[in-house]
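[1] Sequence plus the predicted model coming up.
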Number of protein chains: 2
Amino acid sequence: MTETRGVHHIGFAVADLDEAVATYARLFAATVEHRQRIEEQGAEAVSLRVGGSRIELLAPTGEDTPIGRFLARRGPGMHHVAYEVDDVSQALRELAAAGAELVDERPRAGLFGLEVAFVHPDAVHGVLTEVVSRGSS
Amino acid sequence: MTETRGVHHIGFAVADLDEAVATYARLFAATVEHRQRIEEQGAEAVSLRVGGSRIELLAPTGEDTPIGRFLARRGPGMHHVAYEVDDVSQALRELAAAGAELVDERPRAGLFGLEVAFVHPDAVHGVLTEVVSRGSS
C-alpha cells in the first residue's frame, strides 16, 4: 500500500492537440500550464489547469506511436490517471509488495520535469495508473 | 464557458465492486466514502477517497445495463470525469451557449445526493464529462 496525496492529473488521448486545448478553454475555462514535445515517445503533451485540478492532453506525433496506436484502437478519450506521491521509488516498492504488476520497475523522467512510473492496468481493474512526484528540481 | 472548481471525481467501470474497493485500499490506501445501489440505473457505486481526491467505482447489476454494456464493449477502465460547479443549471446554459452537445438538458439527481448532468463525449474529444454540484442538501 502506498499513500498518495491524491490525483496529480488525468491524462486524455486526443488527435488534435490545439483543437483539444481550445475546447477545454472554451467549455471549462482551462488554462495552459506547460507544453512539451517528446520525440522519443512520439507524443506532444499539454498540461492544463481546470479549476484546482490538472488534466494532461496527449497527442501522437505519428500513427506508429503509443498514443497513435491507442487512438487507432479506442479513439480519443481517457488514457490514464496519475497519483502524486512523495517518493516514486518508495511507492514502487510498496506497490510491488502489495502484489501490483508494474510497467516501470524504476522511476523515470516524465513530462514537465516529473519523476514518474506506471502500474500495469491489469493490476488496477483496467486503469492505466501512474505515480508521479515533483522530482528533485 | 463554465467555471469549475476542478475535478469532483473520476469514474471507473468495474466488474466486481468489492474486489475493486479492496484493490484501491490495498494499493493506494483508499477509504470508502459512500456506497449506493440504484436499481433503476442498473448500477452499484462506491465513492472512495484517495488522498485529497475522489474516485467513483461503478459496477453493473446485470449485463443489459449501461455499465454492463460498457464492460462488454470496452472492458473495465476509465468511464467518466466529473467537474464540480456551483450551479449545474447555469453550467448547462453556458456549455450549450459554447456549442457543447449535452446528454442531459436539465440537472438530475445523481449518486450520493449530488445534482448532476452529462455532456456528450463527442463534445469533449471522446471523454464522457459530468458536471456536478452538491445540490441543496
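    Arrived safely, thanks for sending. Numbers count the residues shown, from 1 in each chain, chains lettered A, B, ... in the order given.

[2] Can stretch A:82-96 be said to contact chain B?
    Yes. Between stretch A:82-96 and chain B, judged by CB under 8 Å from any CB of the partner chain, the touching residues are A:83-84, A:95. In short, each C-beta sits where N, CA and C put it, glycine included.

[3] What ranges does chain A have for its helices?
    Ranges of helices in chain A, per DSSP state H, are A:17-28, A:66-74, A:88-97.

[4] orientation of the last one relative to helix B:17-28 in degrees?
    Same thing as helix A:88-97. Counting by axes from the mean of the first three to the mean of the last three CA atoms, to 10 degrees, helix A:88-97 points 140 degrees away from the direction of helix B:17-28.

[5] one step back: would you reformat the helices of chain A as CSV and include distance to A:Val132 and mean neighbour count?
    Formatted as CSV, the entries for the helices of chain A read as follows, by distance: least, CB to CB, whole Å; neighbours: other CB atoms under 10 Å in any protein chain shown:
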stretch, distance to A:Val132, mean neighbour count
helix A:17-28, 20, 19
helix A:66-74, 17, 16
helix A:88-97, 7, 18
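
[6] Dump those helices to JSON lines, plus mean pLDDT.
    Shown next, in JSON lines, are the helices of chain A (pLDDT from 0 to 100):
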{"stretch": "helix A:17-28", "mean pLDDT": "98"}
{"stretch": "helix A:66-74", "mean pLDDT": "96"}
{"stretch": "helix A:88-97", "mean pLDDT": "97"}
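
[7] circling back to that earlier point, please tabulate the residues of stretch A:82-96 next to chain B in a markdown table and include distance to B:His125 as additional columns.
    Rendered in a markdown table, the data for those read as follows (distance: CB to CB, whole Å):
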| residue | distance to B:His125 |
| --- | --- |
| A:Tyr83 | 23 |
| A:Glu84 | 24 |
| A:Leu95 | 30 |
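
[8] Closest to A:Leu48 out of these?
    Each of those was scored against A:Leu48 by CB to CB, and A:Glu84 proved nearest at 16.5 Å.

[9] which residues does that closest one bridge with?
    Judged by DSSP bridges, the bridge partners of A:Glu84 are A:Gly6, A:Val132.

[10] Was I right to think it contacts A:Val116?
    No. With contact defined as CB atoms under 8 Å, A:Glu84 does not reach A:Val116; the gap is 10.5 Å.

[11] For B:Gln90, find the nearest of the helices of chain A.
    Once the helices of chain A are compared by CB to CB, helix A:17-28 is nearest, at 13.6 Å.
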